[in-house]
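Undergrad: Structure for the following, please:
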Amino acid sequence: MPPIKIYKQDYIASPAGRVWKAFSHNPFALIGLWGVGFLLVLTLLAPFIAPYSVNEQNQQILLLPPSWDPLGHVEYFLGTDDLGRDIFSRILHGVQLTFGMSLIIVTCALFFGFIIGAISGMMRGLKSSILGHLLDGLLSIPSLLMAILVVAVIGPGLSNVFWAVGIAMVPQFIRTIHQAVHEELQKEYVTAAKLDGANDLQIFWYVIMPNIWEALIIQVTMAISAAILDIAALGFLNLGAQAPSPEWGAMIAQGLDNLLLAPWTVTIPGVAILFSVLAVNLVGDGLRSAIAPIRN
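TA: Residues are numbered from 1 along each chain as shown. This next block holds a predicted model:
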């Protein structure tokens, strides 16, 4: 009797599985994912791993260089500022204010933008056209400029940065979801669902929603990097976090007076901002590259 041959069945991965497979084959995307994960861990554990208090001063070690400098000290890994505060501890606490706050802001903006964008996207006729033109006008204003305008009205401060940047982000999500839903409504499978007797809520949740989540993910990554830059820019302009806050943009502003004498007080928080934005952008680009073949 000949041996029975067992053939391995073809496995058809789910869309999410195919996205992850394509994403995991992109080394730059994985680097960005590790970077974002590292920032998330620091956001949660910063108060527990920081060696010193955020505002603890030591007048004996003013403007101490980083530890790799011959004049540096290993106990102060990234050196100190002009008040003798440990820069490493301040950078760790700043993760919560710059990166962590950007995540909260984008989450809230996504919530409100999703609701308004979904409702407006399901509209038809004159109402949809008016809202579309209104969103085009709002989006013609850069998010940072809009945040500055909001701060000018409600005043500077870290708590007001939340509202300023959030208000600037909401129109972006409304526009993304509005346009995605409006485009999906023109597809034939939506017409087929209507003929089957599905109502608007069923059409949106079961027919349209599975086809727009890719656009949402990409917009979220873009919004996080923009929020990080906006928060840091407002802090740098003294419109956001105020001294002695360890927010990264405010730290750069505080170190400008000693730029030539102690450049690490400016470059280190600047590198932290660069690392955060780069990591998020690498993840966003990786997702965009992984999703594109599936959508096509």
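
Undergrad: Just say helix, strand or coil for residue 20.
TA: At residue 20 the chain is in helix, as set by DSSP: H, G, I helix; E, B strand; the rest coil.

Undergrad: The closest residue to it other than its chain neighbours: neighbouring residues, count only.
TA: Among residues not flanking residue 20 along the chain, residue 290 sits closest, at 7.7 Å (Cβ to Cβ, 6 or more residues apart in numbering). Any C-beta I mention is one placed from the backbone N, CA and C, and that applies to glycine too. By other Cβ atoms under 10 Å, 20 other residues sit near residue 290.

Undergrad: Helix or strand: which one has residue 290?
TA: Using DSSP states H and E, residue 290 sits in helix 264-295.

Undergrad: and that helix, what other elements does it pack with?
TA: For helix 264-295, the elements it packs on are helix 15-24, helix 27-49, helix 87-95, helix 213-236, helix 248-255, judged by 3 or more Cβ pairs under 8 Å, 6 or more residues apart in numbering; DSSP states H and E.

Undergrad: What residues sit buried inside the helix-or-strand element of the chain with minimal mean pLDDT?
TA: Of all helical and strand segments in the chain, the minimum by mean pLDDT, DSSP states H and E falls on helix 126-139, at a mean of 76. Buried residues in helix 126-139, counted by 16 or more other Cβ atoms under 10 Å: 128, 131-132, 135.

Undergrad: hmm, back to that, which stretch among the helices and strands packed on helix 264-295 approaches residue 139 most closely?
TA: Among these, helix 213-236 comes nearest to residue 139, with 12.2 Å by Cβ to Cβ.

Undergrad: any idea of the mean pLDDT in that closest one?
TA: Averaged across helix 213-236, the pLDDT comes to 91.
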